[in-house]
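Trainee: Sequence and predicted structure, then a few things I'm wondering about:
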Amino acid sequence: MDLSEILNEKKLGHGGWSKEDIYRQLGYGALQGIDWAQTRTIAKNPDRWKEIGPVTSRLLGDHPSVGQVNNYFLASTLANTLLAHQLPPEWRKIFQYLNIGYGAQNNLKNYKLGIGMTF
């Protein structure tokens, strides 16, 4: 069973993901991956940067470990996808676009601060 079969399974949530829904979620995932890598850079350089994200700083603190960063991003990416799956299609689209906008803004802010990506 591949991703499209799982997302189109009617037994879980609203199912019936369109190709556009899948592309938007993949776009969110790509931006989340960039943020993940940037946050790992922050974790590996506590003398240079600290975590200032409104959610991550509250959950992980100013100087999270790489393990905490990995666990957070894995859990939040999975939770986001599961939540998107539970939403009706019209709400899913709005949810996905809001997450894409927020992710792009975070990536750009980090880039402007000189935060690179490390894995």
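Mentor: Alright, I've got the coordinates.

Trainee: Run through who's touching stretch 29-44.
Mentor: Residues from elsewhere that reach stretch 29-44 (Cβ atoms under 8 Å, 6 or more residues apart in numbering): 49-51, 53, 56, 63-66, 68-70, 72-73, 76-77, 80-81, 100, 103-104, 106-107, 110-111, 115-119. Yep, even glycine has a C-beta here, placed from its N, CA and C like the rest.

Trainee: For the helix or strand hosting residue 83, enumerate the helices and strands it packs against.
Mentor: Taking DSSP states H and E as the definition, residue 83 sits inside helix 66-86. Judged by 3 or more Cβ pairs under 8 Å, 6 or more residues apart in numbering; DSSP states H and E, helix 66-86 is in contact with helix 19-44, helix 56-60, helix 89-112.

Trainee: Can you say which of those helices is packed in most?
Mentor: Here the criterion is mean neighbour count by mean count of other Cβ atoms under 10 Å, and of the helices and strands packed on helix 66-86 the winner is helix 19-44, at a mean of 18.

Trainee: and the angle from that helix to helix 89-112?
Mentor: Inter-element angle recorded for helix 19-44 and helix 89-112: 30 degrees (by axes from the mean of the first three to the mean of the last three Cα atoms, to 10 degrees).

Trainee: Same question for the helix holding residue 83: list its buried residues.
Mentor: 68, 69, 70, 72, 73, 76, 77, 80, 81, 84, 85 (16 or more other Cβ atoms under 10 Å).

Trainee: who's in contact with the second one?
Mentor: With contacts defined as Cβ under 8 Å, 6+ apart, the neighbours of residue 69 are 36, 39, 40, 42, 43, 60.

Trainee: what does the fifth one give?
Mentor: Each residue near residue 73 by Cβ under 8 Å, 6+ apart is listed here: 32, 35, 36, 39.
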